[in-house]
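K.L.:
output the structure for:
(3 chains)
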Amino acid sequence: MNSIILQIASRYLKVLLWSFAVLALLRGHNYPGGGFIGGLLASLSVVFTSLSYSPQKIKNNLRIQPEHYIAFGLLFVLLSVLPGLSGEKFLMEGEWISLYLPLVLTIKLGSPLLFDTGIFFGVIGVVTHFFFTLSTKE
Amino acid sequence: MEILLAILIGLLYSAGVYLLLRRSILKFIIGIIFMSNATNLLVFLSAGIIPGKPVFIGQETETVLQTDPLPQALVLTAIVIGFGIVVFTLALKYKFFNTTGTDDLDQLKKTDS
Amino acid sequence: MNVIALPILFPLVLIILLIFIRSKKIAGLISIFASLVLLAISLYLLQLVIKQEVIVIQMGGWEAPYGISLVLDYLSAIMLVVSAFIILTISLYAFRFIKNENFGSRFYVFFFSITMGLNGAFITGDVFNLYVWFEVILLSSFVLITLGNRKEQLEGGIKYMALNLIGSLFFLAGLGLLYGNTGTLNMAHLAQILQDDQQSLLMNTSAMLFFVAFGIKAAIFPLFFWLPSSYHTPNISVSALFAGLLTKVGVYALIRFFTLFFVQDQVFWHNLLLILAGFTMVIGGMAASTHYETRRILSYHIISQIGYMIMGLGIFTPLAIAGSIFFTVHNMIAKTNTFLVAGLVSKLKGTYYLKNIGGLYKENPVLAILFIIPAFALAGIPPLSGFFAKFILIKAGIEDGHYIITTVAILTSLLTLYSMIKIWNEAFLKKQPESTDMMLQSKLGFLDLFPSILLGAASILLGLFASQIFELTLNAANQLINPEHYIKTVLHLLP
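P.N.:
Model prediction:
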């Protein structure tokens, strides 16, 4: 497909989708959202851009290969497990630190967030990999 | 509600089995999708359904009418796995069609016997 | 005790590392080194289990019935060690036998994801977690079986996929019913709840669904058709890996489920298991004897020998379960070895078809010896591992009065012997047929033979130290038959 309207629209939608994805990722521990949903939204932006140009072209110009996204995702997952390995803690037990952003809000950062980030990248990798495998030749 | 869902599961299973027995690979894959959805519903139903009461919202401790959240988590995992598997089967079918040009399961006799 | 999660975490590290490595050679070297480490970890864990019997960790600190527990007992530890050993030999073998560059670096990624899935399935103490590990194994085996995209591979892949997917659906449905009935998925908790369960109709529905699911994975009699039509298609390293490890996970799950918590309707289940075991043995053995392609003969053999493992479970005395476990260990080693030797033969002759092969005994006596060790072990010739495995099973059968299945088991050994002798006669003894030209004159180096030598040595050692191994398996069997200690350790009920 080579529609100019979609191409222009995808430029703006990309920003929107990515920021929404990151938002879904960050609030995901206690509210609807999370790594999987965020990852789907983010990969949607890749899919949308590819459809508005051509999947082949976008695939040839990718900066990071989909399987490397998967590897990064697995790496984050692994990192989130590691804090539990040391000392008396259980494996995969959550570790939390609170971060006070003055005036705005309090963010609680913890190893579950790291895990979610891993899922986020993993899902992006998997979905874009699926998409490019099915929509391009070799 | 449970009865309705049980009937739906039965319908999905029978439709899935019917499609599995067809000769086309694509219909086979659709059959797999039907059956996996039926199974997901079955797991979901295993906790029973309490209408109108979401799980754990706010801080209210109304223990009587809460749905068991575990099957929902299980189903979520199963859906994700099913999604991956369906895409893999579609990719396999696509490759197979490209190399042999056939969608007919009866043509797949070479590796038997 | 977090160390028992290492067999899962270590392959995960390797997967991440191997995704970035493009060179087949470097990936191969890493994989050999890593499988050595994995073997060391597994041996250490076996050591720990011998000291402490059951080791448990609760993931994320959530107490037993609520969180996911990882449990290591004798059976899991034995399976871990044997599968780590097989993985070591396969990675040595793949180093020489995987040709294509692009294919090669990808092979190792999925090789270790299968390893992770296997180890996870052996260690986990939670039914749903077991399902997830099964899916990990299944998806990576899909990729491995179709890696290379040849036409037969895709065709075999579709057949493999079809039945195994249906198997997973059965697993999930059984799991849903089980949860609906009991409200828990922790195996130890399930065992505690189901100990004095009276509503066996509902439980039997769920048990039957699980049985079909694991039966498909383990290739039991009416459900084995995917195996012989797909195992001979991929690269021989992949075939050997699948032959040695995949069906055995199904057997492991059957042993675990039907000793720990599906113990209500014993008469029905044990009769069913015994009948299916008999059919599995005979039909696998007979089908093997009609074929002339090495890999197909060996594939049917896998099915035939699954029958023995199920037979031990069906007799259900400590001795019989010990026999099952011993047989599984022996079979994993010997079966992988026969596949490796078949690969070596085809490297020399360029084909797996027995009618076009001949004269190998004169050309390469070492290869002949390497074949004769696993072949005799599988047939059950005395000093080797298979004899003791079968002996224990048959002794258990006679002691418990199961004469029919015992007779069937003895007769099936003859079928096994027949098809092994057929391979021996056709490939090694008879002269090279005139019609085929001897274009391929590749030599086998020591590195090609080494994995097969390792496995052959393991078969002999299993035979020589049979009493020690038997003691270990008997401990495992006693632990399975009397699971009170297991249940109490997992649920923290010990004082």
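K.L.:
which strands and helices lie in contact with the helix or strand bottoming out on mean pLDDT in chain B?
P.N.:
Every helix and strand in chain B was compared by mean pLDDT, DSSP states H and E; the lowest is helix B:70-100, with a mean of 88. Using 3 or more Cβ pairs under 8 Å, 6 or more residues apart in numbering or on different chains; DSSP states H and E as the contact test, the elements touching helix B:70-100 are helix A:111-135, helix B:25-45, helix C:127-146, helix C:151-182. Any C-beta I mention is one placed from the backbone N, CA and C, and that applies to glycine too.
K.L.:
chain center to the second one, what's the gap?
P.N.:
Taking Cα atoms, centre = their mean, to the nearest Å, one finds helix B:25-45 lying 3 Å from the centre of the chain it belongs to.
K.L.:
pull out the buried residues from that helix.
P.N.:
The neighbour-count check on helix B:25-45 (16 or more other Cβ atoms under 10 Å in any protein chain shown) flags B:25, B:27-45 as buried.
K.L.:
any residue of it up close to chain A?
P.N.:
No - shown here: helix B:25-45 not in contact with chain A (Cβ under 8 Å from any Cβ of the partner chain), separated by at least 12.9 Å.
K.L.:
give me the angle between that helix and helix B:70-100.
P.N.:
Counting by axes from the mean of the first three to the mean of the last three Cα atoms, to 10 degrees, helix B:25-45 lies at 170 degrees to helix B:70-100.
K.L.:
in chain B, what residue is nearest chain A?
P.N.:
Going by Cβ to the nearest Cβ, chain A is nearest to B:Val87 of chain B, at 4.7 Å.
K.L.:
repeat that for the stretch 151-300 of chain C.
P.N.:
Counting by Cβ to the nearest Cβ, the stretch 151-300 of chain C gets nearest to chain A through C:Leu154 (14.5 Å).
K.L.:
how many neighbours does that residue have?
P.N.:
For C:Leu154, the count of nearby residues is 23 (other Cβ atoms under 10 Å in any protein chain shown).
K.L.:
repeat for C:Phe20
P.N.:
Neighbours around C:Phe20, by other Cβ under 10 Å: 12.
K.L.:
cool, and C:Met286?
P.N.:
C:Met286 has 15 nearby residues by other Cβ under 10 Å.
K.L.:
what does C:Ser346 give?
P.N.:
By other Cβ under 10 Å, neighbour count at C:Ser346 equals 18.
K.L.:
average pLDDT across the stretch of helix or strand it belongs to?
P.N.:
Using DSSP states H and E, C:Ser346 sits in helix C:318-349. Helix C:318-349 shows a mean pLDDT of 91.
K.L.:
shouldn't C:Pro433 be within a helix?
P.N.:
No - residue state for C:Pro433 (DSSP: H, G, I helix; E, B strand; the rest coil) corresponds to coil; a helix is not indicated.
K.L.:
for C:Leu169, see how far away B:Ile30 is.
P.N.:
14 Å (Cβ to Cβ, to the nearest Å).
K.L.:
same thing with C:Ala322?
P.N.:
Taking Cβ to Cβ, one finds C:Ala322 at 33 Å from C:Leu169.
K.L.:
what of C:Leu178?
P.N.:
From C:Leu178 to C:Leu169 the distance is 15 Å (Cβ to Cβ).
K.L.:
which one's more surrounded, those two?
P.N.:
C:Leu178 (27 against 24).
K.L.:
does that one touch C:Val127 like I think?
P.N.:
Yes - between C:Leu178 and C:Val127 there is a contact under Cβ atoms under 8 Å: 6.8 Å.
K.L.:
shared neighbours, those two?
P.N.:
C:Leu185, C:Leu190 (Cβ atoms under 8 Å, 6 or more residues apart in numbering or on different chains).
K.L.:
now do the helices in chain A.
P.N.:
For chain A, the helices defined by DSSP state H cover A:4-27, A:35-52, A:55-60, A:66-85, A:111-135.
K.L.:
buried ones in the second one?
P.N.:
Put plainly, it is helix A:35-52. In helix A:35-52, the ones that count as buried by 16+ other Cβ under 10 Å are A:35-47, A:49-52.
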